[in-house]
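[1] I need the structure of the sequence given here:
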Amino acid sequence: MRKIIAGFATSIDGFIEGPNGEIDWIIYDTEQFKELDESWKNIDAMFHGRKTYETSLKMKGEVTEEMIKPFAHMKHYVFSNTLKEVEEGYILVNGDLQTEANKIRNQPGKDIAVFGGAELLSSLLNYDMVDELSLALCPSIIGKGKSFFQHIEKRSDWTVKEVQTYKSGLISITYQRK
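    Numbering: from 1, shown residues only. Predicted coordinates for the structure are as follows:
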């Protein structure tokens, strides 16, 4: 069975975006991206929530070829029960999240990354489907905004797999499920 790995940037106080959706506080550390480029080679699929997918479409003009290069070899699944179609290069998945994600997880292939969003991640966590959780802890306190862990229904325990600090102030912490 393929592993599901979730990676998100979060503020010190646990937000993934500010009160108006702003993400300008997220540090895009070049040193970290070089390390991530290597780890993307072990991933061949990415799960997107509907809102993250729609946000990505809005940012199309801002994204360079260099930025999307590490993701070009991946299948991109959009989980939504409201969308009827998605753009070329994406695969629409609707129906029961747990059932559909497990179908993909049981297909042959490499690991699967969760690109977003918080609601999708919370559901996958509630179903005990996330094997690793990587947090990019950014040195900002936002005060208000969208909480990282929304709608968590139960406790889950994790162990630290790796901690990496960067000159930019970013701290990357990777946990694995106990």
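[2] next, the distance between the ends of stretch 38-57.
    One end of stretch 38-57 to the other measures 25 Å (Cα to Cα, to the nearest Å).
[3] check the offset of that stretch from the chain's centre.
    7 Å (Cα atoms, centre = their mean, to the nearest Å).
[4] L121: neighbour count?
    26 (other Cβ atoms under 10 Å). Bear in mind the C-beta positions are built from the backbone N, C-alpha and C, glycine included.
[5] which other helices and strands contact the strand or helix carrying it?
    L121 is part of helix 118-126 when elements are defined by DSSP states H and E. The contact analysis (3 or more Cβ pairs under 8 Å, 6 or more residues apart in numbering; DSSP states H and E) places helix 118-126 against strand 4-11, strand 43-49, helix 97-105, strand 111-116.
[6] and the helix or strand that it is followed by, what other elements does it pack with?
    Proceeding N to C from helix 118-126, the next assigned helix or strand is strand 132-138, under DSSP H and E. If you count contacts as 3+ Cβ pairs under 8 Å, 6+ apart, strand 132-138 packs onto strand 4-11, strand 171-177.
[7] what sits against V78?
    Contact analysis of V78 by Cβ atoms under 8 Å, 6 or more residues apart in numbering lists 48-50, 53, 86, 90-93.
[8] where does the prediction get shaky in this structure?
    Filtered on pLDDT under 70, the chain yields the residue ranges 33-37, 61-70.
[9] OK, contacts around the residue nearest to the spatial centre of it?
    Among the residues of the chain, the one closest to the centroid is F115, at 2.8 Å (Cα atoms, centre = their mean). F115 makes contact with 46-48, 52, according to Cβ under 8 Å, 6+ apart.
[10] how close does it sit to G7?
    According to Cβ to Cβ, to the nearest Å, F115 and G7 sit 8 Å apart.
[11] swap in H151?
    For H151, the distance to G7 (Cβ to Cβ) stands at 19 Å.
[12] neighbour count winner among the two?
    G7 (19 against 12).
[13] I'd assumed A113 was in contact with the more buried one.
    Yes - with contact defined as Cβ atoms under 8 Å, G7 reaches A113; the gap is 6.5 Å.
[14] what about M1, neighbour count?
    8.
[15] now swap in I141 and tell me
    I141 has 11 nearby residues by other Cβ under 10 Å.
[16] residues in contact with it?
    11-13.
[17] for PyMOL, what selects the buried ones among those residues?
    Per 16 or more other Cβ atoms under 10 Å, the buried members of those correspond to this PyMOL selection:
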select buried, resi 11
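[18] switch the contacts of I141 over to a markdown table; also include distance to G143.
    Formatted as a markdown table, these follow (distance: Cβ to Cβ, whole Å):
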| residue | distance to G143 |
| --- | --- |
| S11 | 9 |
| I12 | 10 |
| D13 | 7 |
